[in-house]
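J.: Need a 3D model of the following:
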Amino acid sequence: MDYKTEIKGYDTLVKTATMVTVAALLAAFSMADAAENYKFDFGEGPVAAGYTQVKANTKYSDSQGYGFESGTVSSIDRLWDDDLTTDFLTAKGDMVFSVALPQGNYEVTFILGDGENESETTVWAENRKLMLDRITLAGGVFSRQTVSLRRMETRSMDGSVTMSIKDREKDYRTWDKKLTFVISGKAPAVAGIEIKRNDNVTTLWLCGNSTVVDQIMAPWAGWGQMAPGFFKSSLAIANYAESGLTASGFYSMKRLAKILAEVKKGDFVTVQFAHNDQKNQNDVNNYEATLTKYANEIKAKGAIPLFVTSTARQNETDPKTAVGGLPERMRALGKKLGVTVLDLNQHSITLGKALGGNKEKMYMYTASDKTHFCEYGAYELARANIEEIKAKVPELAKHLRDDHEVFDSSKPDPLDVLTRAKTPITEGGLIQVEPESSSSAEIAGPESSSAEGPSSGEEVTEGIIAAESMTPYNAISGRIDGSTLHLEGIDGGAHDISVFDMQGHRIAEFRAMQGNELHITLRQGAYLVKVAQGNRTLGFFKAVRH
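T.: I've put the predicted structure just below:
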């Protein structure tokens, strides 16, 4: 073989090897993209196009990368036309669903709702971050609730920093390779979950101790784990706080360095330390110097530092002397450095005074603990901090959920605020609800009749009219003339008629045979009429009486 032939042979081999390498890389990139974006259809029924089905018995495995880790999960199918919302998964108690994902920020959309009955769904993530608080939907109403959160690890994404964690943290869901959602509620109904990587969202990074941390065990709670539920999907919260840490301890464990390795220009970083610093004279002496280092290093990355004064202990009532006077020193330092101070210390004192004899209920009084907070106290403090943000950090406040409510620390929520029933949402999804149409109905049962109503093309002029079909792709059609419901397209046999008010509550139901007409008397308002045969929904119509 001459050298030209030999070189040509090598050239062919190199090109082939390169093509194989490129193909392998493309495949790897494709797998990586798939691993960062998921669309799950929850339920045993039909699977929506482009979605991956998750059944009640879909268990998590490392090889699969998603599934339930625990919970007694069951599937319900309401037999709607829409493949995604017709069926959903529910549970009595918690259902714990995990997805293996690379480190980063993710937008997560929960498709919630039950096609017939009222639902209430709460979602906690990772180490009990409150993401969605009692999303309550009327029957037949569906809602897409989108949140953002960060999947965190101890090593930075660029590999430059590895932070230290305590032994107790090794079992935290915070630092594993998954996003985990704990779904609960009085009647949870999850029809689907969509997950999309989005590192462009603003991140709020939290530095702090046990009053901020995502506490792993209820009813212990830090305000930082309650905060996510108040923000829209335009912001993700990354809580790096841990129990027992001082400002210098957090820094020496490279927890701030880990944050700064990933923080973006325009992100926010809160700094709250004092409870543990107060116990060490060296930390007390260096308090301002340590906090100044935090502020300078955060600013150097183009992020915005926010000082948060530490919460008062139960017996402390003076904001100038509470927690060894360190919050007062933080106020002065913030003013000197031009760093915004969120005064949670003052709010905690105000809350305590307002609660009076119930003051201890903010804290872990069941453990005789006058420093750490129960879920109620953490929730109230998170709400108080939101008011500080609204007043002092408008660029951060713009990320608050539209449905957040104004809070006054001098007028605390009832002690049972986290378990109280919420008014059902009545707009969205299959049933478009008109709030004014909550009238009751008087309905007569079906009567046999051979009379035919006007054709579907005729204009209805009487008091009750048929509005658009809610299921336009069904073969069945219907109309209401006066007090008579006419159905066309029925194959024969019995059919079940259900009438709902516009809040989704069933107010009447009966069975009619082929050829029957339904003579219905409705009071003024709007109603929904569902027609089914067995388990198959044939049509869904809206009826309005003027």
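
J.: if you go through the stretch 101-250 of the chain in chain order, where are the helices?
T.: Taking DSSP state H, counting those that start in this stretch, the helices of the stretch 101-250 of the chain run over residues 223-226, 247-252.

J.: ok, residue 258 touching residue 158?
T.: No. Counting by CB atoms under 8 Å, residue 258 does not reach residue 158; the two are 10.8 Å apart. The C-beta positions use only the backbone N, C-alpha and C, and glycine is treated the same way.

J.: and the two? which has more neighbours close in?
T.: residue 258 (24 against 8; other CB atoms under 10 Å).

J.: What is the neighbour count of residue 297?
T.: Using other CB under 10 Å, residue 297 is surrounded by 18 other residues.

J.: cool, residue 170 as well?
T.: Around residue 170 there are 10 residues (other CB under 10 Å).

J.: Can you check the pLDDT for it?
T.: Note for residue 170: predicted pLDDT of 93.

J.: What of the one 3 residues further on?
T.: Each residue has a pLDDT score; the one for residue 173 is 95.

J.: what's the answer for residue 276, then?
T.: 97.

J.: For it, give me its contacts.
T.: 209, 244, 245, 246, 249, 283 (CB atoms under 8 Å, 6 or more residues apart in numbering).

J.: Redo those residues as CSV? Include neighbour count and pLDDT.
T.: Shown next, in CSV, are the contacts of residue 276 (neighbours: other CB atoms under 10 Å; pLDDT from 0 to 100):
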residue, neighbour count, pLDDT
209, 25, 97
244, 13, 97
245, 25, 98
246, 23, 98
249, 19, 98
283, 19, 97
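
J.: Closest one of the residues you listed to residue 191?
T.: Nearest to residue 191, judged by CB to CB, of these is residue 209 at 39.2 Å.

J.: Between the helices of the stretch 101-250 of the chain, which one is closest to residue 154.
T.: helix 247-252 (13.7 Å).

J.: other SSEs contacting the closest one?
T.: Helix 247-252 is packed against helix 281-285, helix 287-300, with contacts defined by 3 or more CB pairs under 8 Å, 6 or more residues apart in numbering; DSSP states H and E.

J.: want to throw these into a markdown table with distance to residue 388?
T.: A markdown table is the format used below for these (distance: least, CB to CB, whole Å):
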| stretch | distance to residue 388 |
| --- | --- |
| helix 281-285 | 25 |
| helix 287-300 | 18 |
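
J.: most tightly surrounded among these?
T.: Stretch with highest mean neighbour count among those: helix 287-300 (a mean of 17; mean count of other CB atoms under 10 Å).

J.: what's that one in contact with?
T.: Taking CB under 8 Å, 6+ apart as the rule, helix 287-300 contacts 207, 247-248, 251, 256, 260, 263, 269, 271, 273-274, 277, 283, 304-305, 307, 326, 329-330, 333, 337, 339.

J.: That helix: what's the following helix or strand?
T.: For helix 287-300, the following helix or strand on the C-terminal side (DSSP states H and E) is strand 304-308.

J.: Quick check: neighbours of that next one in the sheet, parallel or antiparallel?
T.: Using DSSP bridges, strand 304-308 pairs in its sheet with strand 268-271 (parallel), strand 340-342 (parallel).

J.: circling back to that earlier point, closest to residue 405 out of the contacts of residue 276?
T.: Distance ranking of those against residue 405, using CB to CB, places residue 209 first at 28.2 Å.

J.: Can you verify my assumption that the closest one contacts residue 240?
T.: No. Checked against CB under 8 Å, the pair residue 209 and residue 240 is beyond contact range at 10.9 Å.

J.: low pLDDT regions in the protein?
T.: Residue ranges of the chain with pLDDT under 70: 1-35, 428-493, 501-506, 510, 512-525, 533-541, 544-546.

J.: okay, now residue 363: neighbour count?
T.: Number of residues near residue 363 (other CB under 10 Å) recorded here: 22.

J.: so what's the backbone phi/psi at it?
T.: phi -100, psi 180 (degrees, to the nearest 10).

J.: Between the helices of the stretch 101-250 of the chain, which one is closest to residue 166.
T.: Closest of the helices of the stretch 101-250 of the chain to residue 166 is helix 247-252, at 10.2 Å (criterion: CB to CB).

J.: continuing past the closest one, what's the next helix or strand?
T.: The first helix or strand that comes after helix 247-252 along the chain, using DSSP H and E, is helix 255-262.

J.: if I've got this straight, residue 332 is in a strand?
T.: No. Per DSSP: H, G, I helix; E, B strand; the rest coil, residue 332 lies outside any strand segment and is helix.

J.: Put the alpha carbons of stretch 248-255 into CSV.
T.: Extracted in CSV, the C-alpha atoms of stretch 248-255 (Å, rounded to 0.1, in the frame of the first residue of the first chain):
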residue,chain,number,x,y,z
SER,A,248,-18.6,33.3,60.3
GLY,A,249,-19.5,29.6,60.4
PHE,A,250,-21.7,29.8,57.3
TYR,A,251,-18.9,31.6,55.6
SER,A,252,-16.1,29.2,56.6
MET,A,253,-18.3,26.2,55.4
LYS,A,254,-18.1,27.9,52.0
ARG,A,255,-21.9,28.2,51.8
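
J.: outside of stretch 154-172, which residues touch it?
T.: Applying CB under 8 Å, 6+ apart, the contact partners of stretch 154-172 are 103-104, 126-127, 175, 214, 216, 240, 242-244, 253-255, 257-258, 261-262.

J.: Now, of those residues, which are buried?
T.: Among the contacts of stretch 154-172, those that count as buried by neighbour count (16 or more other CB atoms under 10 Å) are 104, 126-127, 175, 214, 216, 240, 242-243, 253-255, 257-258, 261-262.
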